[in-house]
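Asks: Just to be clear, the model below is a prediction. Sequence and coordinates:
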Amino acid sequence: MIGFVFGILSFAILFFKASKQYTERIVNFNQDKAVIFSFASFRGYILLITLIGIGMFLKRTEFVDHLYLSIAYICFGFGLIFSSVKFFYSVIAFKKLTTSK
């Protein structure tokens, strides 16, 4: 339950803004054939690699108790799930908008 509540908070604080930026970047993209990784900026990929590295470090060491680490994983997992639901909702809304023209 703690992970779910903090998952909602992490979505509202962290992931909502990022998913909105990525959705707007995809919608406003001008090329016909885009590279699959072009929806995120270079800074976003550096952040992603850093977060993955920190997660791997914390998982492999006993720096943080695994109970607290599992709560953090659940929290960020729910945030990512809510972001993907928002993204798919945006895709459906965009398709409806473009087909109605």
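Replies: In hand now; what should we look at?

Asks: In space, what's closest to residue 58 - neighbours in sequence excluded?
Replies: Nearest residue to residue 58 in three dimensions, chain neighbours excluded: residue 64, at 5.2 Å (Cβ to Cβ, 6 or more residues apart in numbering). In this view, the C-beta of every residue, glycine as well, is placed from N, C-alpha and C.

Asks: That neighbour - how many residues pack around it?
Replies: Around residue 64 there are 12 other residues, counting by other Cβ atoms under 10 Å.

Asks: tell me the SS of it?
Replies: Here residue 64 is recorded as coil under DSSP: H, G, I helix; E, B strand; the rest coil.

Asks: pretty sure it is in contact with residue 57, am I right?
Replies: No: with contact defined as Cβ atoms under 8 Å, residue 64 does not reach residue 57; the gap is 9.7 Å.

Asks: returning to what we had before: what are the phi and psi values at the residue nearest to residue 58?
Replies: According to degrees, to the nearest 10, the main-chain angles of residue 64 amount to phi -130, psi 140.

Asks: Please apply the same query to residue 62.
Replies: Backbone torsions for residue 62, taken as degrees, to the nearest 10, come to phi -100, psi 30.

Asks: ok, it to residue 69 distance?
Replies: The gap separating residue 62 from residue 69 is 10 Å, by Cβ to Cβ, to the nearest Å.

Asks: Give the buried residues for stretch 1-21.
Replies: Within stretch 1-21, the residues scored as buried using 16 or more other Cβ atoms under 10 Å are 3, 6-7, 10-11, 15, 19.

Asks: can you count the residues close to the nearest residue to residue 2 once chain neighbours are set aside?
Replies: With sequence-adjacent residues excluded and distances taken as Cβ to Cβ, 6+ apart, residue 2 is closest to residue 71, at 5.9 Å. Per other Cβ under 10 Å, the neighbour tally for residue 71 reads 15.

Asks: For residue 71, list the residues it contacts.
Replies: Residue 71 is in contact with 2-3, 6, counting by Cβ atoms under 8 Å, 6 or more residues apart in numbering.
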